[in-house]
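Undergrad: Pasting a predicted model and its sequence here:
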Amino acid sequence: MLKNPVILSLLVILVCISCTTDKNSKRALEGTWIASYSQTANNVKNNFKDIPDYIHLMDFNGDSVRLKSFNDKNSRSYIDTIVNFSLTDGAIKLGDEEEMQIAIATDSIMLSSEVHNQRYQDVFRKLPKNPKIVNWNPIGKHYTTYHDDTQVFIDFANDSVMYSFNDATGIYSKSLWRVESIDNRTILVQKNDDIFSLTYGVVDSLIDNKLYITDYLFQEKSIVYEEVNKAYKKPSSLYGTWKLAYKEKLPLDSEQITLPSSLDSFEKLRISKDSFYFVGEPITWRYNWKYYENAETIVLEKAKKAIKVSKVTKDSLVLKMDLSQIDFLSREYIFIRE
């Protein structure tokens with residue numbers, strides 16, 4: 001039995017403060033949070049950030065939270081469940097997950113945990129309240145956007161596969177895509193199997209032919225997809241045999257050895273309506289090809305190459321393409337017609 005009424009009063013006050021703090025913390029968590037990046041303690045020093053690989057979205061409501069990932073539903077790292085959570089002295093426990101340290105700010109939270117003596121941190125950004133579903137169906141449509149001041153062309157080929165390319169790298173990239181509707185939010189999810197990269201963005205609005213997306217990965221940024229007309233007609237001016245007259249040299253070329261088996265060892269191009277040949281000795285490569293009129297780009301899907309047609313005349317052809325094996329940068333090639 002406590003004899004000192006002052007001590008008793010202090011204990012009551014501390015308990016009340018603790019309860020109020022927990023309630024305020026839960027109130028601060030109320031809403032939807034999307035994963036921004038992950039870091040290890042070592043990577044914090046060099047500011048390296050990675051894409052989160054487990055929980056990508058948390059929706060707090062009262063004493064429960066929805067935990068959701070954007071991974072493949074058949075993968076071991078997929079989760080979509082609602083659990084109860086508890087907050088105690090700067091720590092949070094999400095259902096049966098291991099307890100983690102939590103730091104709560106106005107527009108972000110940081111979860112910290114330790115696995116095999118390595119400390120991991122996951123940072124989430126708070127999404128705006130009162131979202132509105134955006135009815136958007138991109139199947140079969142083409143768009144352009146910009147990434148680091150480079151124009152990117154996007155082809156939503158069907159209900160699950162999309163292709164993208166840009167002039168800087170000349171890589172024709174295939175990704176899987178889907179649109180998820182979560183609590184009146186429309187989220188575009190993309191997964192590139194070539195580089196094992198998962199990306200996602202919140203669709204904010206669709207105005208005329210422009211789609212506005214907010215990307216929260218690493219740092220918040222706005223993205224605009226602008227729809228362009230579909231056009232595949234192949235220009236007959238490309239047909240014929242073209243002899244290589246000039247190839248642009250880039251700094252790393254001095255470190256590269258072009259082997260006879262390399263695609264870049266060709267001497268001529270031969271282009272017909274259905275076939276695109278790299279003619280060399282002793283090997284000639286043949287590919288099916290298609291043409292994106294709006295981007296003035298030849299695509300060799302099997303080779304994962306996008307070739308920009310910079311100029312074509314009766315006697316000359318200028319292409320930008322990446323046949324390198326080390327730097328993935330497009331070079332200028334000039335040809336004369338045979």
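TA: Done, it's in. Numbering: from 1, shown residues only.

Undergrad: use CA for all of it now, contacts and neighbours both
TA: OK.

Undergrad: What pLDDT is listed against the residue nearest to the spatial centre of the chain?
TA: Central residue of the chain (CA atoms, centre = their mean): residue 199, 3.3 Å from the mean position. Per-residue pLDDT puts residue 199 at 93.

Undergrad: Please name the strands paired to the strand or helix carrying it in the sheet, noting orientation.
TA: Using DSSP states H and E, the element containing residue 199 is strand 197-207. Strand pairing for strand 197-207, determined by DSSP bridges: strand 185-192 (antiparallel), strand 210-215 (antiparallel).

Undergrad: Mind listing the residues bridging to residue 86?
TA: Beta-bridge partners for residue 86, by DSSP bridges, are residue 93.

Undergrad: Was I right to think it contacts residue 93?
TA: Yes - using CA atoms under 8 Å, residue 86 is in contact with residue 93, at 5.4 Å.

Undergrad: Between those two, point out the one with more neighbours.
TA: residue 93 (17 against 14; other CA atoms under 10 Å).

Undergrad: what sits against the more buried one?
TA: Residues near residue 93 by CA atoms under 8 Å, 6 or more residues apart in numbering: 85-87, 99-100.

Undergrad: so what's it scoring on pLDDT?
TA: Predicted confidence (pLDDT) for residue 93: 95.

Undergrad: In three-state terms, label residue 181 for me.
TA: Of the three states, residue 181 takes strand under DSSP: H, G, I helix; E, B strand; the rest coil.

Undergrad: Please disregard the earlier target; I meant residue 52.
TA: Assigned by three-state DSSP, the conformation of residue 52 is coil.

Undergrad: How about residue 27?
TA: Following three-state DSSP, residue 27 is assigned to helix.

Undergrad: Contacts only, for it.
TA: The contact partners of residue 27, by CA under 8 Å, 6+ apart, come to residue 62.

Undergrad: ok, 10 Å please
TA: Residue 27 sits next to 21, 60-63 when contact means CA atoms under 10 Å, 6 or more residues apart in numbering.

Undergrad: Residue 130 - how many residues pack around it?
TA: By the measure other CA under 10 Å, the count of residues near residue 130 is 9.

Undergrad: same question, residue 331
TA: Neighbours of residue 331 under the rule other CA under 10 Å: 20.
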